[in-house]
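In: Need coordinates for the below:
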Amino acid sequence: MESRLLCWEPEKELRAQADPVLLQSRVLERLLTAQERYTPSPTYFQCVQREMHPYMRKMLTSWMLEVCEERCGEQVFPLAVNCLDRFLSLVPVEKRRLQLLGATCLLLASKLKETQVITTESLCMYSDYSFTVTELRSMELLVLNKLQWDIEAVTPRDFLPYFLALLRLPAEKLQQVRKHSETFIALCTTDCTFIALPPSLLCAASLVAAVTGLRPEKLGIVYSSLTITNYLAQAIHCDPNILRMCQEQIEASLESNLQQAERNQVPISKTVEEIERASTPTDVLDFDL
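Out: Residues are numbered from 1 along each chain as shown. Have a look, this model is predicted:
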């Protein structure tokens, strides 16, 4: 009998599916406890950095986001920026080496979260060869040493599956809400205003902003945005007023980005197809930062 070897290469990268048992366990409480350990200093621009300014971080993280959109999964970007901020909280960096640092953080986050790691050669290419592979490897060791090899931080993205499970959204609307929430999380990650806020608060506020913009009644949710806010605030042991303030701050940041894009006469993202605004700046049908 003739035997044949079948070789199959999937078109999309295979990933493990979410374990529903974990969503019902004490993992959420452990994440809430661990998040404080990975919070960067909100004053590193004033107390540590001599050449770096907030607008430089905005430019750097925007570049990191573009790289992630092309080569990495959604979990890489917030983890990479957390490593970036924690390193900047400890070590002064020359502005000419900021892109090297950002690329290094992307490399480390990719190694933790991806099955196919972004290559050092690709990172050099995305930087227009502003640094070499050797410099990237040297910076990788420096970042690891300064962060004491503890780089698997808790990020807002880690809380999203748990919060979505708490809301019990209709299955056909789940992906839409997830996509909008991830967009708001990316927005917060690039904005210096949110550096020192707890990841659970940013995730909860991003989810509330997404649901508010998409309208609860259109999502098949029987309770109001206010009820959702109170429910998530209870889940993260937070004052509902603080959560609402964070949501409003996220909406203001989105509005500012939209206005900036209009002034520059460029789309807010390469993948935006249609933006419609109504009563709130989060009432967006399809957008991706």
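In: For residue 109, the count of nearby residues, please.
Out: 30 (other Cβ atoms under 10 Å). Bear in mind the C-beta positions are built from the backbone N, C-alpha and C, glycine included.
In: Am I right that it is in contact with residue 73?
Out: No: counting by Cβ atoms under 8 Å, residue 109 sits too far from residue 73 to count as a contact (9.7 Å).
In: what sits up against stretch 99-108?
Out: If you take Cβ atoms under 8 Å, 6 or more residues apart in numbering as the criterion, stretch 99-108 is touched by 60-61, 63-64, 67-68, 72, 76, 80-81, 83-84, 87-88, 93, 117-118, 120, 123-124, 126-127, 130-131, 135-136, 139-140, 143-144, 151.
In: Need the mean per-residue confidence for stretch 214-229.
Out: Across stretch 214-229, pLDDT averages out at 79.
In: Quick check: end-to-end length of that stretch?
Out: Stretch 214-229 has an end-to-end distance of 15 Å (criterion: Cα to Cα, to the nearest Å).
In: surely residue 204 meets residue 239?
Out: No: assessed by Cβ under 8 Å, residue 204 is found out of contact with residue 239, at 11.8 Å.
In: Which of the two has more residues huddled nearby?
Out: Set residue 204 next to residue 239 and count neighbours by other Cβ under 10 Å: residue 204 wins out with 28 against 9.
In: Look at the nearest residue to residue 170 once chain neighbours are set aside and give its secondary structure.
Out: Leaving aside its sequence neighbours, residue 170 sits nearest to residue 220 (Cβ to Cβ, 6 or more residues apart in numbering; 4.4 Å). Following DSSP: H, G, I helix; E, B strand; the rest coil, residue 220 is assigned to coil.
In: Residue 253 should be in a strand, yeah?
Out: No: using three-state DSSP, the secondary structure at residue 253 is helix, not a strand.
In: just use 49 as the starting number from now, easier for me
Out: Happy to do that; since the first residue is 49 now, the last one works out to residue 301.
In: Tell me where this protein has strands.
Out: Per DSSP state E, the chain has no strands. Nothing in it meets that criterion.
In: for it, which spans come out with low pLDDT?
Out: 49-73, 270, 313-337 (pLDDT under 70).
In: So which residues of the chain form helices?
Out: 75-82, 92-95, 102-119, 124-136, 146-161, 168-174, 181-194, 204-215, 219-238, 247-262, 273-283, 288-312 (DSSP state H).
In: wait, residue 259 sits on residue 276?
Out: Yes: Residue 259 lies in contact with residue 276 (Cβ under 8 Å); the separation is 5.9 Å.
In: Overlap of the contact sets of those two?
Out: 215, 269.
In: Between those two, which has more neighbouring residues?
Out: For the pair residue 259 and residue 276, the greater number of neighbours falls to residue 259 (25 against 21), based on other Cβ under 10 Å.
In: give the contact list for the more buried one.
Out: 215, 225, 267, 269, 273, 276.
In: can you check residue 236 too?
Out: 204, 242, 245, 250, 254, 298, 301.
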